[in-house]
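Asker: Predicted model and sequence below, questions to follow.
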Amino acid sequence: MGYDHIVIGAGAAGCAVAARLSEDADRRVLLVEAGGHNRRLSVKAPAAFAAQFGTKLDWRYVTEPEEHLDGRRLEHPRGRLMGGCSSMNAMMYVRGSRYDFDQWAAGGATGWSAEEVLPYFVRAEDHADLRDRYHGQGGPIHVQAARDPDPVTLRIIEACEQAGITRRDELNGEHHDGVALTQVNVRRGVRQDTATAYLRDARRRPNLDVLTGALVHRVLLRDGRAVAVELSTRRGGIRRVEAGADVVLSAGAFGTPEILQRSGIGPADHLRSVGIDATVDLPAVGRHLMDHPFQFLNVELRESSPGLFGIEHPRNIARWLGSRRGPLASNIGEAMGFFRTDDALPAADMELVIAPIFFWEHGKGKHVRPAFSIGLSYVAPESRGSVLVRSADPTVKGRVHLNMLSHESEVDAIVRGLRRAREIVAQPALADVRGPEINPGPGVHDDHGLREYIRATVQHTYHPACSARIGSPEDGACDPLLRVHGVDGLRIADASVMPTVTRGNTHAPTIMIGERCADLIRTGGVPARPTGTGVGAAEVAPMP
Ligand SMILES: Cc1cc2nc3c(=O)[nH]c(=O)nc-3n(C[C@H](O)[C@H](O)[C@H](O)COP(=O)(O)OP(=O)(O)OC[C@H]3O[C@@H](n4cnc5c(N)ncnc54)[C@H](O)[C@@H]3O)c2cc1C
C-alpha cells in the first residue's frame with residue numbers, strides 16, 4: 001500500500017507529527033518505529049525509568065572517548081520503543097527560556113520566536129492546574145505539578161528560597177528563573193508519553209498505520225525528491241515503502257543524522273570515506289551536536305528523613321500496582337529551578353534538578369544510606385560534538401562524540417553552580433535532615449579540586465540536540481520550514497533541528513517542533529500565526 005506521508009521514528013516528535021497529519025482523513029500516514037510497544041512497568045511506573053537502561057528498550061549508545069572528560073566514554077541511553085525517549089525520560093515538562101526561542105529567530109530561524117512557538121506548546125498541552133495565556137487544556141499531553149512530593153523535596157525548595165532563589169508556582173510561563181515543584185507528564189501515577197498521549201485515539205483511524213519493529217535504513221531519492229523509505233522488519237527482508245508526499249524524519253538527534261547520512265545526505269567527504277555515495281553535500285548533518293553537562297552534589301540524609309530510600313522494595317511495587325500511588329509514582333526529579341551563575345547573563349545558565357534520593361551514574365551507583373541529590377544541568381553550553389555513521393550498515397550505530405567541556409568557561413560555570421548548590425545545602429531548612437556530603441565530598445573544596453571532580457564525573461543530561469539543525473545550507477540541515485536542503489519532500493521534526501539546545505529539558509520543545517512540523521505540512525508550508533491570549537490561545541490559524 002502506498003502512503004502520502006511516512007514518519008520515521010515514533011518518539012516525542014514523531015507521534016505528534018503522525019497524529020496531527022492523520023487528523024486529515026484524506027492523508028494516508030505510516031509511522032515507522034524500530035522498537036516495540038510501551039506497555040511495560042518500567043515505562044508506566046514513573047520512578048522506574050532507569051530500569052530501562054541497558055535493556056532492549058534502549059539503543060545503548062556509548063560516546064567516543066571524551067578528551068575533555070579524562071578520556072571517559074559516556075553511556076547515552078535512548079528509547080527504542082513506542083514513544084522513544086518520551087517513554088524513557090524523567091517526565092519533567094520544561095519548555096526552556098523565552099530567550100532561547102528569540103535567539104533562534106534572531107539567528108535566522110524565522111517563525112520560531114518565543115511568541116510564535118507559544119501556540120504550539122499550548123495546543124499540545126492538557127494542563128491540570130494552570131489556566132493562563134501560557135497553558136492549554138484539552139491537548140494530548142497531560143501536565144501537572146508533581147503530586148505528593150517527598151518531605152525532603154519540600155525542605156530543599158525551602159532551602160533554595162533561603163539561599164535567595166525565588167519560589168514560583170511554575171517555570172514554563174512568565175518566569176524562567178526560580179525554584180518550583182516540577183511540572184510532570186504524569187497522570188494518576190502513570191507516565192504520559194507521546195505514544196500514549198497522541199496515538200491512543202489516533203491509532204483507530206483507518207488512514208494511520210503504525211509499523212513497529214521496523215528499522216529504517218535510508219530514504220530513497222529520485223530526481224532530487226524523497227520518494228520511498230527502505231526498511232527491514234523483524235521477519236527479515238528489506239522492504240521499500242513509497243511516499244507520495246513529505247517523508248518526515250523524527251528518529252531523534254542520533255537516528256536522524258544517521259539516516260540522512262546513509263541516504264547520501266551529509267558531509268560528502270565523510271560519506272565517501274565510509275563508502276556511501278554522497279548525493280547532497282550538507283556538511284552540517286551530524287555536526288553541531290549539543291547536550292547539557294550534568295553534575296551532581298549528593299548529601300546523606302538522617303535516618304529519620306529517608307526520602308525515597310528503598311524505593312525498589314516489593315512493598316512499593318505492590319502499592320503502585322494496586323493503587324498507582326506511593327514512591328513509584330514519583331518522577332524522582334520532583335522539584336527544579338533555574339538560576340544564573342553570573343548576574344550579568346541574559347538568562348539562567350544553570351538548572352537545578354532536585355531528587356530526594358541518591359542518583360549517580362544513570363541510577364547504577366548505590367549508596368548504603370538515605371541521601372538526596374542536587375543535579376546541576378549546565379543549560380548554556382558552547383561545546384559542539386558530532387554524530388557520524390561508521391558505514392552504510394543500518395545495524396551499526398554511528399560514532400557519537402559530545403566533545404563535552406571543550407570550553408574552560410563551561411567548567412567555570414559548573415564550579416560556580418556547585419558552590420551555589422553547597423550554599424543551598426547549608427541553609428537552616430535542611431539543618432535537621434542533612435548528613436555529610438557524599439559527592440564531591442568534604443575534601444573537595446578549592447577550584448582545582450572541583451575542576452578535577454567535574455572532568456572526572458560529569459555526565460550529560462540525556463538532551464542531545466542540534467545535529468541536523470535549522471540553518472543555511474552551509475551550516476544547517478534544514479530551513480525554518482524544516483525542509484532538508486537540496487531535497488524535495490523531506491522534512492525533519494525532532495530535537496536535532498534545534499539551532500541551539502534550549503535552556504531546560506528537551507521533551508516539551510521537541511513535541512512543540514512536531515506540532516509545528518505537522519502544521520507546516522497541513523498549511524502548505526505557510527507558517528502559522530499565533531493567536532490571542534488567555535485560555536483558548538491554543539488556536540493556531542494559518543496566515544491569510
Ligand atoms: C533517560 C532520559 C531522561 C530524560 N529526561 C527528560 C525529562 O525529564 N524531561 C525532558 O524534557 N526531557 C528528558 N529527556 C529528553 C527527551 O526525552 C528527548 O529530548 C526527546 O524525547 C527527544 O525526542 P525526539 O523525537 O527527538 O527523539 P526520540 O524521543 O528519541 O524518538 C526517536 C524515535 O525514533 C526511533 N528510531 C531511531 N532510529 C530509527 C530507525 N533507524 N528506524 C526506525 N526508528 C528509529 C527511536 O526508536 C525512537 O522511538 C530524557 C531522555 C532520556 C533518555
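Answerer: That came through, no problem. Residues are numbered from 1 along each chain as shown.
Asker: quick one, phi/psi of residue 29?
Answerer: phi -120, psi 130 (degrees, to the nearest 10).
Asker: Could you give the bridge partners of it?
Answerer: residue 5, residue 208 (DSSP bridges).
Asker: got a list of what whichever residue of the chain sits closest to the ligand touches?
Answerer: Closest to the ligand within the chain is residue 11: 1.7 Å, counting by CB to the nearest ligand atom. Every residue, glycine included, has its C-beta placed from N, CA and C. Contacts for residue 11 were tallied using CB atoms under 8 Å, 6 or more residues apart in numbering; they are 79, 83-86, 194, 250-252, 494, 510.
Asker: Do a quick rundown of the strands in the stretch 101-250 of the chain.
Answerer: Shown for the stretch 101-250 of the chain, the strands assigned by DSSP state E, counting those that start in this stretch span residues 125-127, 141-145, 178-181, 183-184, 186-187, 190-191, 208-211, 214-222, 225-233, 238-242, 247-249.
Asker: rewinding a little: just the ones of the contacts of residue 11 in helices?
Answerer: Using DSSP state H, the members of the contacts of residue 11 that fall within helices are 194, 252, 510.
Asker: could you pick out which of those are near the ligand?
Answerer: Among these, the residues lying close to the ligand (CB under 6 Å from any ligand atom) are 252, 510.
Asker: Of the ones in helices among the contacts of residue 11, which is the nearest to residue 165?
Answerer: residue 510 (27.0 Å; CB to CB).
Asker: can you count the residues close to that closest one?
Answerer: Applying other CB atoms under 10 Å, we find 31 other residues in the vicinity of residue 510.
Asker: Residue 193 too?
Answerer: 29.
Asker: ok, now residue 361?
Answerer: By the criterion of other CB under 10 Å, residue 361 has 11 neighbours.
Asker: how close does it get to residue 296?
Answerer: Residue 361 sits at a distance of 9 Å from residue 296 (criterion: CB to CB, to the nearest Å).
Asker: what ranges do the helices span in the stretch 201-350 of the chain?
Answerer: 252-262, 268-273, 314-323 (DSSP state H, counting those that start in this stretch).
Asker: which of those sits most buried?
Answerer: Greatest average neighbour count among these goes to helix 252-262 (a mean of 28), per mean count of other CB atoms under 10 Å.
Asker: Let me see the domain layout of this structure.
Answerer: 1-143+190-289+385-398+465-537, 147-181+293-380+406-457 (automatic domain parsing).
Asker: Mean neighbour count, these: which tops it?
Answerer: Scoring these by mean count of other CB under 10 Å, the most buried comes out as domain 1-143+190-289+385-398+465-537, with a mean of 21.
Asker: List the residues that contact the residue nearest to residue 436 when sequence neighbours are not counted.
Answerer: What sits nearest to residue 436 in space, not counting adjacent residues and going by CB to CB, 6 or more residues apart in numbering, is residue 300, at 5.4 Å. Taking CB under 8 Å, 6+ apart as the criterion, residue 300 is in contact with 367, 369-371, 434-438.
Asker: now do residue 108
Answerer: 470-472, 480, 499.
Asker: Please repeat the previous calculation with a cut-off of 10 Å.
Answerer: 470-472, 475-476, 479-480, 499 (CB atoms under 10 Å, 6 or more residues apart in numbering).
Asker: Now for those: which two are most distant?
Answerer: Across these (CB to CB), the longest gap, 13.5 Å, separates 475 and 480.
Asker: Name the residues contacting each of these two.
Answerer: Joint contacts of residue 475 and residue 480 (CB under 10 Å, 6+ apart) are 108, 499.
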